[in-house]
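In: Fold the following for me, if possible:
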Amino acid sequence: MSSGYIVIDPRERPRVPWANGHGVTRECARDPAGAWRLSVADLDSDAPFSVLPGLDRLFILLAGELTLTVNGRRRSLVAGEVTRFRGEDAVTVSTRRPAQAANLMVTRDRAAVTYRRADVDRRLGAPRGGGELLVLLTPARARDGEMLPAGSALVPGPQSADDGPRLPLAGPVRLVRFRVHRTGASAVAAPQGAAAGSTPDP
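Out: All right, here's what the predicted structure looks like:
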């Protein structure tokens with residue numbers, strides 16, 4: 001076996017309320033050591049985001065258009081855009097129609113994250129350690145023929161040697177490639193459910 005990617009479809013994850021009760025989210029993956037977690041949120045109406053001290057947040061708009069107000073400053077976003085803010089910030093979302101976004105939450109005293117957007121085909125290269133994860137910005141067809149929605153996550157996992165360094169997808173896709181940088185080793189896990197004691201988001 002060699003290192004490859006496991007696909008996580010957010011439609012298969014349970015819906016849980018935000019910490020402040022103003023929306024719902026689906027947790028897709030989390031670091032077992034608590035350095036980060038990734039979720040996909042439905043944004044159906046104007047709402048305040050939860051205050052989550054100690055976290056740095058990357059917000060990836062997957063569908064729709066909306067405006068975030070962060071500490072009084074407005075930021076208009078369209079699908080495919082990424083923005084950062086702190087968990088302590090006062091953030092509200094305004095949307096004219098339902099939207100969806102991915103949220104990567106990073107524990108500030110344990111890790112930092114960098115990212116880049118890319119258009120790639122199936123040959124991406126093997127994951128460079130457990131701190132890498134990918135989020136689809138556009139729908140894509142898996143190699144088994146299933147259509148995966150935007151927001152699907154790809155996390156490192158076992159892959160048969162004859163697969164080579166390929167994505168488990170049938171064609172090109174636009175995505176965001178995240179690298180989590182931290183001190184000490186930590187694996188990536190695709191949970192079977194939200195961990196006990198975890199804090200929902202946004």
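
In: Who are the contact partners of the closest residue in space to P48 that isn't next to it in sequence?
Out: By the measure of C-beta to C-beta, 6 or more residues apart in numbering, the closest residue to P48 outside its immediate chain neighbours is T92, 4.9 Å from it. In this view, the C-beta of every residue, glycine as well, is placed from N, C-alpha and C. Contact analysis of T92 by C-beta atoms under 8 Å, 6 or more residues apart in numbering lists 46-49, 68-69.

In: at 10 Å what do you get?
Out: Residues near T92 by C-beta atoms under 10 Å, 6 or more residues apart in numbering: 22, 46-49, 67-70, 72, 74.

In: Show me those that map onto strands.
Out: When those are checked against strands using DSSP state E, the ones located there are 47-48, 67-70, 74.

In: Please check those and keep the buried ones.
Out: When neighbours are counted using 16 or more other C-beta atoms under 10 Å, these contain these buried positions: 47, 68-70.

In: and the helix or strand of the chain with the lowest mean pLDDT, which residues are buried?
Out: Comparing every helix and strand of the chain by mean pLDDT, DSSP states H and E singles out strand 2-8 as the least confident one, with a mean of 71. Taking 16+ other C-beta under 10 Å as the basis for neighbour counts, the residues of strand 2-8 that come out buried are 4-8.

In: So L58: helix, strand or coil?
Out: Following DSSP: H, G, I helix; E, B strand; the rest coil, the label given to L58 is strand.

In: Kindly state the beta-bridge partners for it.
Out: Going by DSSP bridges, L58 is paired in beta bridges with R84, L104.

In: Could I get the contacting residues of it?
Out: By C-beta under 10 Å, 6+ apart, the residues touching L58 are 36, 38, 82-85, 102-106, 113-115, 135, 176, 178.

In: for T138, same thing?
Out: With C-beta under 10 Å, 6+ apart, T138 has these contacts: 62-63, 79-80, 119, 148-150, 172-175.

In: Switch those over to JSON lines; also include pLDDT, distance to A142 and neighbour count.
Out: Conversion of those to JSON lines gives the following (pLDDT from 0 to 100; distance: C-beta to C-beta, whole Å; neighbours: other C-beta atoms under 10 Å):
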{"residue": "L62", "pLDDT": "94", "distance to A142": "18", "neighbour count": "22"}
{"residue": "A63", "pLDDT": "93", "distance to A142": "19", "neighbour count": "20"}
{"residue": "A79", "pLDDT": "92", "distance to A142": "21", "neighbour count": "17"}
{"residue": "G80", "pLDDT": "91", "distance to A142": "21", "neighbour count": "15"}
{"residue": "D119", "pLDDT": "84", "distance to A142": "18", "neighbour count": "10"}
{"residue": "L148", "pLDDT": "87", "distance to A142": "6", "neighbour count": "23"}
{"residue": "P149", "pLDDT": "90", "distance to A142": "11", "neighbour count": "16"}
{"residue": "A150", "pLDDT": "91", "distance to A142": "14", "neighbour count": "23"}
{"residue": "P172", "pLDDT": "78", "distance to A142": "13", "neighbour count": "12"}
{"residue": "V173", "pLDDT": "83", "distance to A142": "10", "neighbour count": "24"}
{"residue": "R174", "pLDDT": "86", "distance to A142": "16", "neighbour count": "15"}
{"residue": "L175", "pLDDT": "88", "distance to A142": "14", "neighbour count": "23"}
